[in-house]
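> Following is a predicted model, sequence given first.
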Amino acid sequence: MSQTPQGASGDRRVLKIGTRGSRLARSQSAMTAALIEQVTGLPTELVIVHTDGDDLSIPLSAPPRPGAFVARLRDVLLDGEVDIAVHSFKDLPFAPMPGLSVVAVPQRAAALDALVSRDALGLDELPAGSKVGTSSPRRASALLRYRDDLEIVPIRGNVDTRIRKVREGRVDAAVLAAAGLERLGLHDEITELIDPKVIVPAPAQGALAVEMRTDDPLAATVAQINDHDTRIQVAAERQVLTGVQATCTTAIGAHSVLQGYSLTLMADLTDHMGVAHAHVARTIGLRRGDPTDDARALGESVAEQLLERP
Ligand SMILES: NCc1[nH]cc(CCC(=O)O)c1CC(=O)O
C-alpha cells in the first residue's frame, strides 16, 4: 500500500472537502480535490452537503436569502465536519466570515457569459420577441439594454435543467456562465460567448474560492494551489461589490483583464427599477510589491464612479 503523505502539521489527515450536491458543484469540488492531491500530496475525500439554495420548492418570489448556497457549507466547515469548502466565488457574499479564510483561488476558467440558443442563432440574430431565459437581474437588464425587443423569461434550476428548457422550446435561448457549461462538459452547447461589454460578467464569475478554518494548520499547505493572477483579478472585481454594498439582487457586473502589469476593470450597475444605469472602465499599472492592494484600490475607485452617476 502506498504511504499516505504527511501534512504540514505532521498528521496523516484525509482532507474532507464539503460540496453541494449539484453536478456543477461536485465537478468543481472534484477538480479542486485532484489539484490539491497533485500539488500537496495530501489525500482528499468529497462530502456532499445539502443546501437551502438547492431547494426548488422555494418560489422565486420568496424574499432573497443572501448566500443560501454557501451558508450551510460554511456551517459544516466551522463545525469541523469538513475541512475545506469549495464555492463558486461569485456566490460568496462580500462580507468575510469570522473563523474562515479563502486560502486559495485556483486558476480561473472562462469568465464570460454564454448564449445557448435553440436554433444556434447569435444574440444579434434572434428574431424580435424571442424568449431569453435568465433569472439574473444583471443578465436581464443588460440584455434588455442591448435588445429591448427580447422577452426575458425567468428560469431557475441547475445548468442541465436550463439547457433542457432551451431544447424543449420553453425558451428560445438562455444565458449561463460559460465556466459552468465547460466544467460540465457542455462546451458544445455554447452558441456565442457574449461580449463582456454587452453583458458584464458577475464579479469573480468562473473563479472558485477554497475556504478553510483560519486556524487549520494545513491552510498554508492547501494555499499552494492559489493562482496569483486570478487572485488579483478577483480582488479587483469583488471590491466593486463591497464598494457598492451589493446584495445578490443588485444588477452588478465587474470584469477585469490582466495583461502583464496592466489591470483593466470594467463594471456595470443598474438600479433596482432597471432605469438608471452606469458603466465604468479603468486601467491601472500594478506595482511589483503586493498588486492585490492596487487591485482593491482600482475596484474601490470604480465602485465610487459607478455610484456617482446612476
Ligand atoms: N448562479 C449560480 C452559479 N454560480 C456559479 C455558476 C457558474 C460557475 C461560475 O461562475 O464559476 C452558476 C451558474 C450560472 O451562472 O450559469
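Arrived safely.
> Spit out the contact partners of residue 256.
By CB atoms under 8 Å, 6 or more residues apart in numbering, residue 256 lies in contact with 233, 236, 237, 263, 264, 265, 266, 295. C-beta here means a position set from N, CA and C on the backbone, and glycine is covered the same way.
> my read is the second one is in a helix, agree?
Yes. Note on residue 236: a helix contains this position according to DSSP: H, G, I helix; E, B strand; the rest coil.
> need the contact list for it.
254, 256, 263, 265, 295, 296, 298, 299, 302.
> Could you tell me which of those residues belong to strands?
Using DSSP state E, 254, 256, 263, 265 are the members of those that sit in strands.
> is the second one in a bridge, and if so with what?
Read that as residue 256. Residue 256 has these beta-bridge partners by DSSP bridges: residue 265.
> per-residue confidence at it?
For residue 256, the pLDDT comes out at 98.
> neighbouring contacts of stretch 21-41?
Applying CB under 8 Å, 6+ apart, the external contacts of stretch 21-41 come out as 5, 15, 17-20, 42-46, 48-50, 54, 84, 86, 88, 106, 158-160, 180, 183-184, 208, 210, 221-222, 224-225.
> The lowest-mean-pLDDT helix or strand in the chain close to the ligand?
Ranking every helix and strand in the chain by mean pLDDT, DSSP states H and E puts helix 68-79 at the bottom, with a mean of 90. No. Judged by CB under 6 Å from any ligand atom, helix 68-79 makes no contact with the ligand; its nearest approach is 7.3 Å.
> Flag every buried residue along that helix.
Neighbour-count burial for helix 68-79, counted by 16 or more other CB atoms under 10 Å, picks out 68, 69, 70, 72, 73, 74, 76, 77.
> and the residue nearest to residue 179 when sequence neighbours are not counted, how far is that from the ligand?
Sequence neighbours aside, residue 206 is the residue nearest to residue 179 in space, at 3.7 Å (criterion: CB to CB, 6 or more residues apart in numbering). Applying CB to the nearest ligand atom, to the nearest Å, the value for residue 206 to the ligand is 5 Å.
> can I assume residue 206 sits in a strand?
No. Applying three-state DSSP, one finds residue 206 to be coil, outside a strand.
> In contact with it: list those residues for me.
Residue 206 sits next to 90, 108, 109, 110, 111, 112, 177, 178, 179 when contact means CB under 8 Å, 6+ apart.
> Just give me the closest of the residues you listed to residue 283.
Ranked by distance to residue 283 (CB to CB), the contacts of residue 206 are led by residue 111 at 17.0 Å.
> List the backbone torsions phi and psi for residue 225.
phi -90, psi 0 (degrees, to the nearest 10).
> Quick one: residues contacting it.
Residues near residue 225 by CB under 8 Å, 6+ apart: 32, 35, 36, 39, 40, 104, 106, 210.
> Could you rerun that using 6 Å?
35, 36, 39, 104, 106 (CB atoms under 6 Å, 6 or more residues apart in numbering).
> and the ligand, which of those contact it?
Among the contacts of residue 225, no residue lies close to the ligand (CB under 6 Å from any ligand atom).
> Would you convert the residues you listed into TSV that also reports secondary structure and pLDDT?
Output for the contacts of residue 225, formatted as TSV (DSSP: H, G, I helix; E, B strand; the rest coil; pLDDT from 0 to 100):
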residue	secondary structure	pLDDT
35	helix	98
36	helix	98
39	helix	97
104	strand	98
106	coil	98
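> Report the contact partners of the residue most central in space within the chain.
Central residue of the chain (CA atoms, centre = their mean): residue 90, 2.9 Å from the mean position. For residue 90, the contact set (CB under 6 Å, 6+ apart) comprises 202, 204, 205.
> Is it correct that the last one is in contact with residue 177?
Yes. Using CB atoms under 6 Å, residue 205 and residue 177 qualify as a contacting pair, with a distance of 5.5 Å.
> returning to what we had before: for the residue nearest to residue 179, phi and psi?
The phi/psi pair for residue 206 (degrees, to the nearest 10) reads phi 90, psi -10.
> Would you map out the domains in this protein?
Following automatic domain parsing, one finds the domains of the chain at 1-106+207-226, 113-193, 227-310.
> weakest of those domains in terms of mean pLDDT?
Mean pLDDT values for these show the minimum at domain 1-106+207-226, a mean of 85.
> Which ones among the contacts of residue 206 lie within strands?
Counting by DSSP E, the part of the contacts of residue 206 found in strands is residue 177.
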